[in-house]
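[1] need coordinates for the below:
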Amino acid sequence: MANRSGSADLPLHGGRVPAWLGERMSRLGAVITEAILLHYGRDEFLRRLASPFWFQSFGAVMGMDWHSSGITTSVVGALKRGLAPRAHELGLHVCGGRGRHSRRTPDELAAVGARVGIDGAALAQASRLVAKVDSAAVQDGFDLYLHGFIVADDGKWVVVQQGMNEARRQARRYHWRSEGLASFLDDPHSGIEGPARGTIVNLADRRAARSRQGQLDLLASLGPDRIAREWAGLARQAEPAARPEAEAEAEAPAQMLLPHLVMPAHHEVRAEDIVPRRLHAALTAAAERGPADFADLLLVPGVGARTVEALALVAEVVHGAPCRFTDPARFSYAHGGKDRHPFPVPLKVYDETIRVMGAAVARARLGREEELAALQRLDREARRVEGLAGGRSWDEIVADERRLSAGYGGRSVFGWEAEPGA
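    Here you go, the predicted model:
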């Protein structure tokens, strides 16, 4: 059954992504995308974008705030900038964005359709319908302000859109995919789940078909008598003894639960936000496989070994199974965060990661896959040693990273990191 593939609740943060990070996010996002395309193809990349857990991990590994609403805007923007120059070659097109950019989505989709020979008008209609379902048919207290539409040359698409509830300082991200989509109004979601925020009106549920028809009937024949009769009928249905519970359940089958990510309000990354054995496994794999597969990197004093650790987490984003992204905060270890959580962005490490990934992808396009294969071995090694590896606590890891930050070119929105004691 077609469904909205998931959703995420995030703390609402303001501010902008600084240019020095935004440019790097575009480059790293592009090479990670191409690595996935080379290994698994476009359909798999679209499925991953449709997962709220993978999407959050993808943003965290790129140095964005690991839990905030800004991760949605920044990832969609980074992909749009990073993939645009090679959209024709890769067969992927990122349309829409935040605010006024979201309103241009139908025109962008029409242009894509004209260029590649797919039905741009149908894509534009799908864009409008998805936005309408999550803004009008589903009334959960969040007002849409971002709409990203990623479409492949064969017409398959994913939508990532986000709404905000300013009163509660929260954002909610909605993920859709076209795969198997049969109807926008009869259970396009497999469920809607999240913290209690009052009554949710979901007219896109199959069980709301009679309600939708009733509203149309009222519009066609408005009058006080008809409205009174309808209201009385609704009141009778609401009585607990109106129908046997078993009968009601048989007529209105329960929805499945869709993947739903809820990120905490605290800004710092805490030990309980990650699965320690997974991080320890990545660090151990980097130490064991790094000297064999990345010898040239390890010749760079103070950067090489740390870069291999970052690459281990990037490799997991490329190759990891869905079950491994339940703790997106863990991926913030790769390149820190712009707000200094869990530590400042280590720009020397970040640039080395981009260089290694870019070179690996470029060689793989020419049929030389040694470096991409090395990254895959790094991920396999991490899974092999998981459960056996141990090491420093999360608090010790963060303290060490902050102590070494200046040597790694640490930078945040607050400026460059100074040497300890300076």
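[2] what's near enough to touch Arg363?
    Going by C-beta atoms under 8 Å, 6 or more residues apart in numbering, Arg363 touches Glu369, Glu370, Glu371, Leu372. Using the backbone N, CA and C atoms, a C-beta is placed for each residue, glycine as well.
[3] helices - which of those land there?
    When the contacts of Arg363 are checked against helices (DSSP state H), the matches are Glu370, Glu371, Leu372.
[4] tabulate those residues (CSV), appending distance to Thr73, pLDDT and neighbour count.
    Below are the ones in helices among the contacts of Arg363 laid out as CSV (distance: C-beta to C-beta, whole Å; pLDDT from 0 to 100; neighbours: other C-beta atoms under 10 Å):
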residue, distance to Thr73, pLDDT, neighbour count
Glu370, 36, 92, 10
Glu371, 32, 91, 18
Leu372, 30, 95, 21
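[5] quick one: which of those is nearest Ile118?
    Leu372 (29.7 Å; C-beta to C-beta).
[6] hang on, that closest one packs against Ala362?
    No. Using C-beta atoms under 8 Å, Leu372 makes no contact with Ala362, being 10.2 Å away.
[7] just to revisit the earlier point, can I get the ones in helices among the contacts of Arg363 in CSV including distance to Leu388?
    Below are the ones in helices among the contacts of Arg363 laid out as CSV (distance: C-beta to C-beta, whole Å):
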residue, distance to Leu388
Glu370, 28
Glu371, 27
Leu372, 26
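[8] pLDDT below threshold where in this structure?
    Residues of the chain meeting the criterion pLDDT under 70: 1-3, 137-138, 183-257, 422.
[9] break it into its domains for me.
    4-205+255-262, 210-251, 271-416 (automatic domain parsing).
[10] pull up the distance across the first one, start to finish.
    Start-to-end span of domain 4-205+255-262 (C-alpha to C-alpha, to the nearest Å) is 17 Å.
[11] quick one, phi/psi of Gly14?
    Here is the backbone geometry of Gly14 (degrees, to the nearest 10): phi -100, psi -170.
[12] contacts only, for it.
    Listed by C-beta under 8 Å, 6+ apart, the contact set of Gly14 is empty.
[13] and it, how far from Ala418?
    Noted for Gly14: a distance of 26 Å to Ala418, by C-beta to C-beta, to the nearest Å.
[14] cool, Pro11 as well?
    29 Å.
[15] between the two, which one's more packed in?
    Each of Pro11 and Ala418 has its neighbours counted (other C-beta atoms under 10 Å); Pro11 has more, 18 against 10.
[16] hang on, that one packs against Ser68?
    Yes. Under the criterion of C-beta under 8 Å, Pro11 makes contact with Ser68 at 5.5 Å.
[17] what is in contact with those two at once?
    Here Pro11 and Ser68 have Met263 as joint contacts, going by C-beta under 8 Å, 6+ apart.
[18] quick one: the helices in the stretch 301-422 of the chain?
    Using DSSP state H, counting those that start in this stretch, the helices assigned to the stretch 301-422 of the chain run over residues 304-319, 332-335, 347-365, 370-385, 394-403.
[19] quick check: which of these is nearest to Val31?
    Across the helices of the stretch 301-422 of the chain, closest to Val31 is helix 347-365 (C-beta to C-beta), at 4.2 Å.
[20] tell me the buried residues in that closest one?
    347-354, 356-358, 360-361, 364 (16 or more other C-beta atoms under 10 Å).
[21] let me see the contact set for Gly91.
    Applying C-beta under 8 Å, 6+ apart, the residues near Gly91 are Arg42, Val116, Ala152, Asp153, Asp154.
[22] among those, which are in helices?
    Judged by DSSP H, helices contain the following of those: Arg42, Val116.
[23] quick check: PyMOL command selecting the buried ones in the contacts of Gly91.
    What follows is the PyMOL syntax selecting those of the contacts of Gly91 that are buried according to 16+ other C-beta under 10 Å:
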select buried, resi 42+116+152+153
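[24] cheers, nothing more for now.
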